[in-house]
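A.B. asks: dropping the sequence and predicted coords here.
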Amino acid sequence: MGEFTDKAKGALNEATGNAKQDIGRAKGDPEMEQEGYQQERKGEFQQAKGEVKDNVKDRVDRM
């Protein structure tokens with residue numbers, strides 16, 4: 001997966017996770033809230049992975 005794809009999927013997972021947390025809190029559904037939390041963390045990881053790939057690519061291109 002390319003760095004752009006990782007960042008885009010990460011942003012989507014983070015936004016979806018935030019929405020699930022909000023809905024879970026509003027409905028009093030701790031399982032949904034936890035699922036949202038985990039999805040948000042996954043999105044943050046994906047975005048970080050994309051940043052690392054981008055940085056590595058930039059360094060290789062400068063060689």
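C.D. replies: Sure thing, it's come through.
A.B. asks: what sits against the residue sitting nearest the centre point of the chain?
C.D. replies: With distances taken as C-alpha atoms, centre = their mean, the residue of the chain nearest its centroid is G43 (1.1 Å). Contacts for G43 (C-beta atoms under 8 Å, 6 or more residues apart in numbering) come out as 9-17. All C-beta spots, glycine's among them, are computed from the backbone N, C-alpha and C.
A.B. asks: max-length helix in this protein?
C.D. replies: Longest helix in the chain by number of residues (criterion: DSSP state H): helix 30-62.
A.B. asks: in the helix or strand hosting Q21, what counts as buried?
C.D. replies: Secondary structure from DSSP states H and E places Q21 in helix 3-27. By neighbour count on 16 or more other C-beta atoms under 10 Å, the buried set for helix 3-27 is 3, 6-7, 9-10, 13-14, 16-17, 20-21, 24.
A.B. asks: got the buried residues for stretch 52-63?
C.D. replies: K53.
A.B. asks: average pLDDT for it, rounded please.
C.D. replies: Taken as a whole, stretch 52-63 has a mean pLDDT of 89.
A.B. asks: what's in contact with that stretch?
C.D. replies: Under C-beta under 8 Å, 6+ apart, the answer for stretch 52-63 is 2-3, 6-7.
A.B. asks: any chance of a markdown table for those, columns pLDDT?
C.D. replies: Shown next, in a markdown table, are the contacts of stretch 52-63 (pLDDT from 0 to 100):
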| residue | pLDDT |
| --- | --- |
| G2 | 81 |
| E3 | 82 |
| D6 | 91 |
| K7 | 91 |
